[in-house]
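Novice: show me how the following folds:
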Amino acid sequence: MAHIDAGKTTSTERILFYTGVTYKIGSVDEGTATMDWMEQERERGITITSAATTASWKRNGTDFLINIIDTPGHVDFTVEVERSLRVLDGAVAIFDAVAGVQPQSETVWRQADKYHVPRLAFINKMDRTGADFEHAVKTMRHRLAAHPVILQVPIGKEDLFIGVIDLLEEKAIIWLEETLGAKFEIFDVAKLWDAAFVATRPDIAAALKFSALDEAYYKEQREKSVEYIAEHDDTLVEKFLNGEKITAEELRASIRRSTIALKLVPVLAGSAFKNKGIQPLLDAVVDYLPSPLDVPPVEGTTSTDEVVLRRASDDEPFSALAFKIMSDPFVGHVTFIRVYSGVLKSGSYVFNSTKQVRERISRLVRMHANKREEIDAIYAGDIAACVGLKSVTTGDTLCDENKPVVLENIVFPAPVISVAIEPKTKADQDKLGNAMQRLAQEDPTFRVHSDEDTGQTIISGMGELHLEIIVDRMMREFGVQATVGRPQVAYRETIRKRAQAEGKYIKQTGGRGQYGHCEIEVLPLPSSAHENMHDMSTDELDALAKEVAGGGKWRFDKEHRMLFIDKIVGGSIPKEFIAPIDAGIREAMETGILAGFEMVDIAVLLIDGSYHDVDSSEMAFKIAGSMAFKEACGKAKPVLLEPIMKVEVVTPEEYMPQVFGDLNSRRCQIQGTESRGGANVIRVEVPLAEMFGYATDVRSRTQGRASFSMHFSHYAEAPSSVAEEVIAKSTGRATR
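Specialist: Residues are numbered from 1 along each chain as shown. Predicted structure coming up:
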């Protein structure tokens with residue numbers, strides 16, 4: 001996992017080559033990378049969809065099986081990182097040696113924190129001009145609040161980067177250029193400080209001189225690392241303080257314990273493109289990242305909401321999570337699953353406990369990017385793909401029918417951008433429906449709905465590139481010809497003060513009538529600035545309900561971040577009519593009251609109401625709830641929220657005034673600037689609505705020398721001038 005262009009796919013290609021999965025090294029630049037198998041990926045030189053593969057690596061005479069997922073770095077495809085981290089036990093975070101921690105590195109790091117995934121850091125691109133190993137490690141401390149422990153010191157840098165010193169083993173590793181990095185020489189580090197030996201090796205002499213690496217620096221660095229490792233481990237700290245010698249084995253065991261406990265992040269260095277540093281990285285994956293046996297048992301719930309644990313063992317009842325669905329032109333739907341416990345054989349039946357249906361597994365395959373290898377069974381801890389599952393969606397649990405369990409689902413971010421799409425001919429219309437259904441099944445962040453007012457089909461996604469790729473795939477894979485409108489921003493609505501209202505729905509139509517009546521109070525949720533409210537625990541929500549309403553029976557709707565609190569006493573509304581009121585309110589939130597946008601961050605208190613013995617029905621109370629909510633929100637100072645993006649622009653010094661001037665015209669808020677690797681970095685927050693077409697603008701202002709990255713930060717209140725314009729546009733009413 002990493003920022004765009006840090007070298008994830010290149011590193012994965014080298015891993016496949018050195019583990020013997022492929023016989024020649026694929027290149028991202030030439031479009032021959034095994035892991036980037038989609039046409040769109042090869043043309044653009046970026047990863048779009050995460051690709052899974054399996055490799056075997058020998059360490060100390062034992063063969064280890066490693067499941068690898070190569071994820072995209074672009075923020076528009078962040079869902080691929082999210083679902084991969086949900087099912088994997090460890091991650092390798094790759095950083096660019098010149099830039100250090102970049103915006104998307106922060107995003108993926110936070111996602112890994114959320115799923116408690118132990119990780120290693122690999123400082124890649126040590127061969128690039130301006131590479132600075134220490135600066136990259138420093139940015140990990142400052143920007144990620146991580147605890148990096150340096151296990152390797154690079155020998156040389158930029159074009160004189162030739163190898164690394166292993167601080168634990170006290171050995172130097174020098175890669176041999178002519179073997180494509182497959183062979184390397186290892187010798188005692190003491191040789192590097194031996195003038196006679198260095199005189200016979202001009203390559204080593206030049207590298208040591210260029211990176212100012214000497215014995216004193218090496219000893220200081222080793223001492224620091226050993227002290228840092230001991231600090232995090234009670235068993236070693238005594239030995240260290242008593243000045244006893246700690247062996248490399250003890251250090252390794254300690255790092256493994258601390259890494260799995262998320263106390264430390266081991267740091268390695270290399271250059272995947274120049275084929276250096278990959279073998280020690282694989283050793284480190286085996287040495288420090290957890291096997292399925294090292295992670296705590298996975299938690300699930302039974303149909304009676306009882307919490308059960310499933311250990312990673314072949315003897316336990318089968319349980320697995322479907323984390324990705326891929327449309328394969330030859331075999332139809334391929335469902336990627338991670339097995340947490342038990343064994344699954346091909347041809348057997350499984351129970352989809354999320355959907356409550358029984359399914360048959362017709363075939364099991366191990367995937368190598370888009371190539372398949374048939375297998376008979378998969379075991380606990382494995383990742384494989386199933387063919388033949390019909391009703392599975394991302395995040396569903398598959399389990400043993402006799403021991404059903406539901407594992408925690410995956411939460412996906414809401415889309416921030418939409419475009420209208422129209423088929424060119426009648427024939428394209430049917431194809432379009434089919435294509436969108438298949439793509440929405442594969443990608444949970446891609447949503448489709450039709451606009452009730454205009455009758456247009458609206459597709460929504462995570463960014464301009466995301467939608468561009470979706471449309472490109474529709475045209476190529478499904479042969480759909482369609483015209484696409486201009487991108488639209490996904491605004492939201494919320495309220496700013498408390499208000500009360502009642503909803504009465506009474507209809508008398510000869511025979512049985514309709515009667516629904518409720519009184520509600522709405523108020524803004526206090527933590528509405530946080531986009532991470534769906535991460536709140538039950539205890540935190542309980543405290544929030546007490547703070548807002550002094551307690552009561554509550555239910556939290558993650559999608560709209562709506563806290564519904566039932567304060568009915570004395571049975572003025574029967575129990576069975578409470579849920580329909582909640583449903584009516586949720587339905588009203590979908591369409592908002594200002595400009596038809598979804599409403600978020602609202603607490604609703606149901607305080608009173610009445611019912612009729614004969615005429616009351618669920619439908620009547622649903623309508624009453626919806627009416628009351630709309631009226632209350634109308635009085636509660638409704639406001640429009642717009643998505644704010646974090647933008648980082650990297651530009652040469654001489655173009656700073658032009659870039660700043662342009663950003664200021666886009667309503668930006670400056671967060672800070674710094675100089676890094678000979679260029680200036682400007683960090684700002686800008687409304688998404690102002691960022692369309694920015695790529696072209698920034699290039700033309702800087703003669704193509706500046707680059708930028710952008711990812712979603714939060715929703716904030718739109719200024720009244722912007723809000724008026726948006727409301728006028730969507731309702732067709734001109735404001736003054």
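Novice: for the stretch 101-250 of the chain, which segments count as strands?
Specialist: Per DSSP state E, counting those that start in this stretch, the stretch 101-250 of the chain carries strands over the ranges 119-124, 148-150, 152-155, 163-166, 171-175, 184-188.
Novice: quick one: those as TSV, columns for mean neighbour count too.
Specialist: (C-beta placed from N, C-alpha, C; glycine too.) Formatted as TSV, the strands of the stretch 101-250 of the chain follow (neighbours: other CB atoms under 10 Å):
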stretch	mean neighbour count
strand 119-124	27
strand 148-150	22
strand 152-155	25
strand 163-166	23
strand 171-175	21
strand 184-188	13
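Novice: in three-state terms, label Glu82 for me.
Specialist: helix (DSSP: H, G, I helix; E, B strand; the rest coil).
Novice: can you tell me how far Tyr228 is from Glu220?
Specialist: Distance of Tyr228 to Glu220, given as CB to CB, to the nearest Å: 13 Å.
Novice: looking at the two, which is more packed in?
Specialist: Neighbour count, other CB atoms under 10 Å: between Tyr228 and Glu220, Tyr228 has more, with 16 against 10.
Novice: contact partners for that one?
Specialist: 147, 149, 264 (CB atoms under 8 Å, 6 or more residues apart in numbering).
Novice: out of these, who's nearest Ile66?
Specialist: Each of the contacts of Tyr228 was checked against Ile66 using CB to CB; the closest is Leu264, at 20.7 Å.
Novice: settle this for me: that closest one is touching Ala230, isn't it.
Specialist: No - the criterion here is CB atoms under 8 Å, and Leu264 misses it with Ala230 at 11.2 Å.
Novice: to what extent is Val267 buried, counted in neighbours?
Specialist: 23.
Novice: what about it, distance to Pro280?
Specialist: 12 Å.
Novice: between those two, what contacts are shared?
Specialist: With CB under 8 Å, 6+ apart as the test, Val267 and Pro280 both reach Gln152.
Novice: returning to what we had before: can you redo the contacts of Tyr228 as TSV with distance to Leu398?
Specialist: Shown next, in TSV, are the contacts of Tyr228 (distance: CB to CB, whole Å):
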residue	distance to Leu398
His147	37
Val149	38
Leu264	35
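Novice: quick check, nearest of the residues you listed to Val722?
Specialist: His147 (42.6 Å).
Novice: and the pLDDT for that closest one?
Specialist: For His147, the pLDDT comes out at 90.
Novice: again, but for Glu231
Specialist: So Glu231 comes in at 86 (pLDDT).
Novice: who's in contact with it?
Specialist: Glu231 neighbours (CB under 8 Å, 6+ apart): Val237.
Novice: repeat that for the one 4 residues further on.
Specialist: Neighbouring residues of Thr235 by CB under 8 Å, 6+ apart: Ser254.
Novice: returning to that earlier point: out of Leu264 and Ala230, which sits in the busier spot?
Specialist: Leu264 (25 against 20).
Novice: name the nearest residue to the more buried one, ignoring sequence neighbours.
Specialist: In this structure, Leu264 finds its nearest non-sequential neighbour in Ser258, 4.1 Å apart by CB to CB, 6 or more residues apart in numbering.
Novice: tell me which residues of the helix or strand hosting the one you found are tucked away?
Specialist: Assigning secondary structure by DSSP states H and E places Ser258 in helix 248-260. If you call a residue buried by 16 or more other CB atoms under 10 Å, then helix 248-260 has these buried ones: 250-260.
Novice: can you say which two of those are spatially most distant?
Specialist: Glu250 and Ile260 (16.2 Å).
Novice: can you pull out the helices in the stretch 551-700 of the chain?
Specialist: Using DSSP state H, counting those that start in this stretch, the helices of the stretch 551-700 of the chain run over residues 578-591, 618-635, 656-664, 694-701.
Novice: need those in JSON lines with mean neighbour count, distance to Arg473 and mean pLDDT, can you?
Specialist: What follows is the helices of the stretch 551-700 of the chain, written out as JSON lines (neighbours: other CB atoms under 10 Å; distance: least, CB to CB, whole Å; pLDDT from 0 to 100):
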{"stretch": "helix 578-591", "mean neighbour count": "20", "distance to Arg473": "28", "mean pLDDT": "89"}
{"stretch": "helix 618-635", "mean neighbour count": "22", "distance to Arg473": "38", "mean pLDDT": "91"}
{"stretch": "helix 656-664", "mean neighbour count": "16", "distance to Arg473": "32", "mean pLDDT": "88"}
{"stretch": "helix 694-701", "mean neighbour count": "15", "distance to Arg473": "21", "mean pLDDT": "80"}
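Novice: out of those, nearest to His449?
Specialist: Nearest to His449, of the helices of the stretch 551-700 of the chain and by CB to CB, is helix 578-591 at 9.8 Å.
Novice: who are the contact partners of the residue nearest the centre of the chain?
Specialist: The centroid of the chain falls nearest to Glu82 when counting by CA atoms, centre = their mean (3.0 Å). Glu82 is in contact with 111, 410, 412-413, counting by CB under 8 Å, 6+ apart.
Novice: what does stretch 298-310 contact?
Specialist: Counting by CB under 8 Å, 6+ apart, 297, 312, 316-317, 319, 340-342, 353, 397, 404-408 sit against stretch 298-310.
Novice: got a quick PyMOL command for the buried subset of those?
Specialist: Buried residues among these (16+ other CB under 10 Å), as a PyMOL selection:
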select buried, resi 312+316+319+340+341+342+353+397+404+405+406+407
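Novice: which of the contacts of stretch 298-310 fall in helices?
Specialist: Using DSSP state H, no member of those falls within helices.
Novice: which strand in the chain runs the most residues?
Specialist: strand 638-651 (DSSP state E).
Novice: any idea of the angle it forms with helix 656-664?
Specialist: Calculated by axes from the mean of the first three to the mean of the last three CA atoms, to 10 degrees, strand 638-651 forms an angle of 160 degrees with helix 656-664.
Novice: tell me which other helices or strands strand 638-651 touches.
Specialist: strand 492-495, helix 656-664, strand 679-687, strand 707-717, helix 720-731 (3 or more CB pairs under 8 Å, 6 or more residues apart in numbering; DSSP states H and E).
Novice: the ones you listed: lowest mean pLDDT?
Specialist: strand 707-717 (a mean of 80).
Novice: what's in contact with it?
Specialist: 3-4, 75, 78, 102-104, 107, 413, 416, 462-463, 492, 529-531, 600, 639-650, 685, 687-688, 691, 694-695, 698.
Novice: could you do stretch 620-633 as well?
Specialist: So stretch 620-633 is contacted by 495, 499-505, 507, 514-522, 573, 577, 580-585, 587-589, 593, 599, 602, 604, 609, 611 (CB under 8 Å, 6+ apart).
Novice: ok, now with 6 Å
Specialist: 495, 499, 501-503, 505, 514-518, 520, 522, 577, 580-581, 583-585, 587-588, 593 (CB atoms under 6 Å, 6 or more residues apart in numbering).
Novice: what are the buried residues along the helix or strand that contains Ala322?
Specialist: Using DSSP H and E, Ala322 falls within strand 319-328. Of all the residues in strand 319-328, those buried under the rule 16+ other CB under 10 Å are 319-327.
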